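In: Pasted the sequence and its predicted model underneath.
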Amino acid sequence: MAAPKELYFEKRGKLLVKNLQSRHFEAYYCANKEEALSKALELIPEGTSVGWGGALTVQQIGLADAVKKGNYHVFDRDSCKTPEEKTQIQQQIMFADTFLMGANALSLDGQMVSIDGTGNRVAALIYGPKSVIVVAGMNKVMDNLEQAYHRARTVAAPTNQQRFEGATPCTVTGVCGDCKSECSICNQIVITRNCRPAGRIKFILVGEELGL
Ligand code: SF4
């Protein structure tokens, strides 16, 4: 018999898939990283262009490496040597066939909360790339939208901010101080509640703890 946590993730994952589909997203539940990688590659036609933005989970399931090694035109912002080069790649990603990203938090009823600093990630989520694939560990799934918002603001963002230099309250204390700092990564907060055109945004939910 599967471990309690696996069963818990699977049951919630299947419910969330149904709720996401009712909002016109494509959605899949994968038990582990390996299944998630194979499902993601199925959704990206060979020969097309792919980019990503701030996507630890995409790295963790091996998807970034797989597309770099595969037959794809990759906009790899992580290999940029200068800030100017990175900005240019981020602009090109807006025209990519597929955009890959992780999630800050999801609610069981099928909505996603995304927090962004410069806005490149939420911009591509909302409009631009033909297809968006969101890969999310089931640890990101909260019971309702209020809890998802709370997770994004009090767990995902302060944890994410630790990767950057700059004095924000959360960098010092680990706790969000609702700052207005120039270094804040919490400048855009987006709720994605429905998908138009239908199927443009695809969710791959993974039955493991992934990302921040
Ligand atoms: S302190 Fe500022 S940067 Fe840190 S999580 Fe809160 S709003 Fe975001």
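Out: Arrived safely. Just so you know, these numbers come straight off a predicted model, no measurement behind them.
In: Can you give me the neighbour number for the residue nearest to Pro45 when sequence neighbours are not counted?
Out: Take Pro45 and drop its neighbours on the chain: the residue closest to it by CB to CB, 6 or more residues apart in numbering is Asp97, 7.5 Å away. C-betas here are computed from N, CA, C, even on glycine. Neighbour count of Asp97, defined by other CB atoms under 10 Å: 16.
In: how close does Asp97 get to Ile189?
Out: As judged by CB to CB, to the nearest Å, Asp97 and Ile189 stand 27 Å apart.
In: Over to Cys80?
Out: For Cys80, the distance to Ile189 (CB to CB) stands at 26 Å.
In: Tell me if I'm right that Ala66 and Lys39 touch.
Out: No. Counting by CB atoms under 8 Å, Ala66 does not reach Lys39; the two are 11.9 Å apart.
In: hey, where'd the helices end up in this protein?
Out: 4-21, 33-42, 56-60, 63-69, 83-93, 120-126, 145-151, 157-161, 169-173 (DSSP state H).
In: Now mean neighbour count, mean pLDDT and distance to Gly110 too, for these, in CSV please.
Out: Output for these, formatted as CSV (neighbours: other CB atoms under 10 Å; pLDDT from 0 to 100; distance: least, CB to CB, whole Å):
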stretch, mean neighbour count, mean pLDDT, distance to Gly110
helix 4-21, 16, 97, 4
helix 33-42, 18, 98, 18
helix 56-60, 21, 96, 18
helix 63-69, 17, 96, 23
helix 83-93, 15, 92, 25
helix 120-126, 21, 97, 15
helix 145-151, 18, 98, 10
helix 157-161, 20, 94, 22
helix 169-173, 15, 94, 28
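In: Distance to Glu209 added to those helices, as a markdown table?
Out: Formatted as a markdown table, these follow (distance: least, CB to CB, whole Å):
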| stretch | distance to Glu209 |
| --- | --- |
| helix 4-21 | 9 |
| helix 33-42 | 11 |
| helix 56-60 | 10 |
| helix 63-69 | 17 |
| helix 83-93 | 27 |
| helix 120-126 | 21 |
| helix 145-151 | 13 |
| helix 157-161 | 13 |
| helix 169-173 | 21 |
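In: So which of the ones you listed is nearest Leu108?
Out: In terms of CB to CB, the element of these nearest to Leu108 is helix 4-21, at 5.7 Å.
In: for the closest residue to Leu100 other than its chain neighbours, what are its contacts?
Out: Counting by CB to CB, 6+ apart, the nearest residue to Leu100 once its immediate chain neighbours are dropped is Trp52, at 3.9 Å. Taking CB atoms under 8 Å, 6 or more residues apart in numbering, we find Trp52 in contact with Val58, Ala64, Arg77, Ile93, Phe99, Leu100, Met101.
In: could you measure the closest residue to the third one other than its chain neighbours against His150, distance?
Out: For Arg77, the nearest residue in space outside its immediate sequence neighbours is Ile89; the separation is 4.6 Å by CB to CB, 6+ apart. Using CB to CB, one obtains 33 Å as the distance from Ile89 to His150.
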